[in-house]
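**Student:** Take this sequence and fold it.
(3 chains)
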Amino acid sequence: MNQQPNYALYDKIYTVCEQIPHGKVASYGDIAAIVGGGCDARTVGYALNEIPTDRAGVPWQRIIAKDGAISTRGLTQRQLLEAEGVEFDAHDRAIMARFRWDGPSADWAAEHGFQTLPPRDEGDRAEQMSLF
DNA sequence: CAGATGACTCCCA
DNA sequence: CTGGGAGCCATCT
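**Tutor:** Now for the predicted structure:
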């Protein structure tokens, strides 16, 4: 049709993104995992790239790559995050170990039909501890 | 329905 | 670090 097609799954993606608290970030894969239902990290990225004016309030800047790297088309996404208190290292990557969103609460997820973030590996957890 | 596109992620050299 | 290839998905032409 036009620039605002029949977003079914996209709408859910936007809803999840809006749950990310101020000063936190999440990866595409995380959002996909929360949305579930055949959603993929790519799908999340595509959805964020086509945010309709109706969803202009979606904090798209808080969705970054799994490594904390920003690969958005030259947008000043980093500045927006820094303004929220998110810190970056010398590698231009957000410190995911400290600012990564833990996912929605079990109540909220159940309430809206979403899922909580799956448990992480020991390695990632150890990384968080070491940074603290 | 097939082909193309796109803010991903993982693995290997 | 860079580059290539594969897998996965929604939406548009």
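**Student:** any weak-confidence spans in chain A?
**Tutor:** A:1-6, A:73-75, A:120-125, A:127, A:131-132 (pLDDT under 70).
**Student:** Spell out which residues of it are next to DNA strand B.
**Tutor:** Applying Cβ under 7 Å from any atom of the strand, we find that chain A lies next to DNA strand B at A:27-29, A:41-46, A:48-49, A:51, A:60-61, A:63-67, A:71-73, A:77. Placement of C-beta: from N, CA and C, glycine included.
**Student:** Which among those count as buried?
**Tutor:** Neighbour-count burial (16 or more other Cβ atoms under 10 Å) applied to the residues of chain A next to DNA strand B gives A:27-28, A:41, A:43-45, A:48, A:51, A:60-61, A:63-65, A:72, A:77.
**Student:** of those, list those near DNA strand C.
**Tutor:** Answer for those near DNA strand C (Cβ under 7 Å from any atom of the strand): A:41, A:43.
**Student:** Could you list which of the buried ones among the residues of chain A next to DNA strand B belong to strands?
**Tutor:** A:27, A:63-64 (DSSP state E).
**Student:** Fine by me, we can end here.
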